[in-house]
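In: just to be clear, the model below is a prediction. Sequence and coordinates:
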Amino acid sequence: MSGSSHGHTPAAWTGVTIAFIGFCISGAFTVMAKPVGFWAGLGVVVIGGIVGMAMSAAGLGKPKRKPHAVQPGSQA
């Protein structure tokens, strides 16, 4: 898996970091029994996903590869 550089992009790192912070916020407010803070933390998680997708769309994610056609006579 390390050869595919799965997730090693600025978009992935930023999105995951923001989502992780949101999970930490939600976890802290769960322990404090504060539902509003819990939902605010989940909102931060969603924002992390949106930021990651936006950065990927802006070219900071892994480039999409087009599938290549199998040549006749070659082994696939």
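Out: In hand now; what should we look at? Numbers count the residues shown, from 1 in each chain.
In: for stretch 21-32, buried residues please.
Out: G22, I25, S26, F29 (16 or more other Cβ atoms under 10 Å). To be clear about C-beta, it is placed using only N, CA and C from the backbone, and glycine gets the same treatment.
In: those residues into a markdown table, with extra columns for pLDDT?
Out: As requested, the buried residues of stretch 21-32 are exported to a markdown table (pLDDT from 0 to 100):
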| residue | pLDDT |
| --- | --- |
| G22 | 97 |
| I25 | 97 |
| S26 | 97 |
| F29 | 97 |
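In: and which of those residues is nearest G59?
Out: Closest approach between the buried residues of stretch 21-32 and G59, by Cβ to Cβ: G22, at 24.7 Å.
In: so where does the closest one fall, helix or strand?
Out: helix 10-31 (DSSP states H and E).
In: run the chain-centre distance for the helix or strand following that helix.
Out: Downstream of helix 10-31, the next assigned helix or strand under DSSP H and E is helix 35-55. Averaging C-alpha positions (Cα atoms, centre = their mean, to the nearest Å) puts helix 35-55 11 Å from its chain's average.
In: how about residues contacting helix 35-55?
Out: With Cβ atoms under 8 Å, 6 or more residues apart in numbering as the test, helix 35-55 has contacts from 10-12, 14-30, 61.
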